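Student: okay, here's the prediction I keep looking at, along with the sequence it came from:
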Amino acid sequence: MSAWAVIVAAGRGARSGLDKNKVFFEIDGRSVLSRCLDAFAASGLVDGAALVLSESDRSAYDELCRREGACPLVKAVVSGGATRRDSVYNGLRAVPGDVEVVAIHDAARPFVTKEIIGATLESARQYGSGVICTPVIDTIKQITPDGAVTTVDRDSLRAVQTPQSFDYQRIMAAHERARADGLSVTDDAMLYEHYYGGLRLVTAPGAERNRKLTTRGDFEALRTPVLRVGQGYDAHRLAAGRRLILCGVEVLHDRGLDGHSDADVALHALMDALLGAAGEGDIGRHFPDSDPAYKGISSLLLLERVMALLRGKGWRVVNADVTIVAQKPKLASYILRMRENVARALGVDVDAANVKATTTERMGFEGEEIGISAQAICMLTKENG
């Protein structure tokens, strides 16, 4: 039996807070509208689709087709009407008269699946209608005109979505009658029920994810965060007469690390990792050792400045991991304080600021106790767009 889809995309989407029709919003580089059309095309369950658009969106749709590729399923593009009912009617008129069933779907539901489409079409073939729905999970209160509140039994309630599929001739006739009667409806299921009764509701796996994108929050939740990984390395020579500072903690030892600042090799590696992830160079670029302002300065203070720079560009730290390589001294008793310092500076929980220490089994300059090195890796994130 032949089937078509009417994809309704003519709304303004004022509640989305976007500066354009919400169906042109991109999710990971592909628009809501394209994702919706892709889902119907991939299902293999419909032979064609009539796309309903506002006249003002025609140029945006043409650009979308050039950028993302035109969906071959779309056989007709028609103008929307003054109401949703009018828009659907215009779409139905573009469907060939010999089509047996039609699925009417809101383009703002891009997560529709083959199972959902199939369930509604099959019901329409058997019973004349098939409307996808989900159980109501919230407690529903009904308020009367005088302000009295009663609780509605939610077990008998269903939240109706699209697609709403119907016998084509019956839904077309219902729309014709609704136009003549001036009937105001919120969806096609209400119109069908008004004239024919016996509306069939169906369920299918994944229906709970077939949500309609409506508010700004719906779209913000779809933005894919940008993730960046950075790595850093530093090494300093041990020297007499210097304090040994690692991750802002003074470690008891007979020598400290030599350097222009406090020579905190662990934080230097961490700062390079952070700056590298953000594409901001390294600590030598921001805090050159030729500048007397940084003579003996605490690396914790420098880390605070690095974090201020990153936050100003919208970055936040997901996690960081620092490895200190030293034959001596033993650092186990200092690790927790180090992690707390790092976590505080990065603005993360302690479990997202890992610090560990290892030896080289007396190999290399660390093993010979000539110096100490450190390596660090971090992940940064910020919202895309």
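Tutor: Looks like it arrived, so ask away.
Student: wait, Val23 sits on Val32?
Tutor: Yes. With contact defined as C-beta atoms under 8 Å, Val23 counts as touching Val32 (4.8 Å). (C-beta placed from N, C-alpha, C; glycine too.)
Student: which one of these two has more residues nearby?
Tutor: Comparing Val23 with Val32 by neighbour count (other C-beta atoms under 10 Å), the higher total belongs to Val23, at 30 against 24.
Student: any common contacting residues for Val23 and Val32?
Tutor: Residues touching both Val23 and Val32 by C-beta atoms under 8 Å, 6 or more residues apart in numbering: Ala107, Ala108.
Student: show me the shaky parts of this protein.
Tutor: Under the criterion pLDDT under 70, the flagged ranges of the chain are 1, 12-19, 383-385.
Student: outline the domain layout of it.
Tutor: Listed domain ranges for the chain are 3-220, 225-383 (source: automatic domain parsing).
Student: scan the protein for its longest strand.
Tutor: The strand that spans the most residues within the chain, counting by DSSP state E, is strand 225-239.
Student: and that strand, what does it pack against?
Tutor: strand 256-257, helix 265-277, strand 371-383 (3 or more C-beta pairs under 8 Å, 6 or more residues apart in numbering; DSSP states H and E).
Student: mind checking the SS state of the nearest residue to Lys382 once chain neighbours are set aside?
Tutor: Once flanking residues are discounted, Lys382 sits nearest to Gly314: 4.3 Å by C-beta to C-beta, 6 or more residues apart in numbering. Assigned with DSSP: H, G, I helix; E, B strand; the rest coil, Gly314 falls in the coil class.
Student: would you map the strands across the stretch 201-350 of the chain?
Tutor: In the stretch 201-350 of the chain, the segments counted as strands under DSSP state E, counting those that start in this stretch are 201-202, 225-239, 244-246, 249-251, 256-257, 316-325.
Student: neighbouring contacts of the first one?
Tutor: In this case it means strand 201-202. For strand 201-202, contacts defined as C-beta under 8 Å, 6+ apart pick out Ala119, Thr120, Ser123, Gly130, Val131, Ile132, Cys133, Arg158, Val160.
Student: show me what contacts the closest residue in space to Ala10 that isn't next to it in sequence?
Tutor: With C-beta to C-beta, 6+ apart as the criterion, Ala10 has its nearest non-adjacent residue at 2.6 Å, and that residue is Gly80. Gly80 sits next to Val8, Ala10, Gly11, Val52, Leu53, Ser54, Glu55, Asp86, Ser87, Asn90 when contact means C-beta under 8 Å, 6+ apart.
Student: reformat the residues you listed as a markdown table; add distance to Thr139, neighbour count and secondary structure.
Tutor: Output for the contacts of Gly80, formatted as a markdown table (distance: C-beta to C-beta, whole Å; neighbours: other C-beta atoms under 10 Å; DSSP: H, G, I helix; E, B strand; the rest coil):
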| residue | distance to Thr139 | neighbour count | secondary structure |
| --- | --- | --- | --- |
| Val8 | 31 | 24 | strand |
| Ala10 | 34 | 26 | coil |
| Gly11 | 30 | 21 | coil |
| Val52 | 36 | 28 | strand |
| Leu53 | 39 | 23 | strand |
| Ser54 | 38 | 17 | coil |
| Glu55 | 43 | 9 | helix |
| Asp86 | 36 | 17 | helix |
| Ser87 | 34 | 22 | helix |
| Asn90 | 39 | 20 | helix |
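Student: now the residues you listed in JSON lines, with distance to Leu183?
Tutor: Shown next, in JSON lines, are these (distance: C-beta to C-beta, whole Å):
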{"residue": "Val8", "distance to Leu183": "18"}
{"residue": "Ala10", "distance to Leu183": "19"}
{"residue": "Gly11", "distance to Leu183": "20"}
{"residue": "Val52", "distance to Leu183": "19"}
{"residue": "Leu53", "distance to Leu183": "24"}
{"residue": "Ser54", "distance to Leu183": "23"}
{"residue": "Glu55", "distance to Leu183": "25"}
{"residue": "Asp86", "distance to Leu183": "12"}
{"residue": "Ser87", "distance to Leu183": "15"}
{"residue": "Asn90", "distance to Leu183": "17"}
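Student: among the residues you listed, which pair sits farthest apart?
Tutor: For the contacts of Gly80, the farthest-apart pair by C-beta to C-beta is Val8 and Glu55; their separation is 14.8 Å.
Student: how many neighbouring residues does the residue nearest to Lys382 have?
Tutor: Neighbours around Gly314, by other C-beta under 10 Å: 12.
Student: same question for Arg337.
Tutor: Arg337 has 16 nearby residues by other C-beta under 10 Å.
Student: doesn't Val249 make contact with it?
Tutor: Yes. Applying C-beta under 8 Å, one finds Arg337 in contact with Val249, separated by 4.9 Å.
Student: which parts of the stretch 151-300 of the chain are helices?
Tutor: Taking DSSP state H, counting those that start in this stretch to define them, one finds helices in the stretch 151-300 of the chain at 168-181, 188-196, 216-220, 265-277, 283-286, 299-312.
Student: now the angle from the second one to helix 168-181?
Tutor: This points to helix 188-196. 80 degrees (axes from the mean of the first three to the mean of the last three C-alpha atoms, to 10 degrees).
Student: in helix 188-196, what's buried?
Tutor: Within helix 188-196, the residues scored as buried using 16 or more other C-beta atoms under 10 Å are Asp188, Ala189, Met190, Leu191, Tyr192, Glu193, Tyr196.
Student: let's have these in a markdown table, adding distance to Asp153.
Tutor: Output for the buried residues of helix 188-196, formatted as a markdown table (distance: C-beta to C-beta, whole Å):
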| residue | distance to Asp153 |
| --- | --- |
| Asp188 | 26 |
| Ala189 | 21 |
| Met190 | 21 |
| Leu191 | 26 |
| Tyr192 | 25 |
| Glu193 | 20 |
| Tyr196 | 26 |
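Student: which helix or strand contains Phe111?
Tutor: Here Phe111 sits in a region with no helix or strand, counting by DSSP states H and E.
Student: before we move on, what about the one 5 residues further on?
Tutor: Using DSSP H and E, the element containing Ile116 is helix 114-127.
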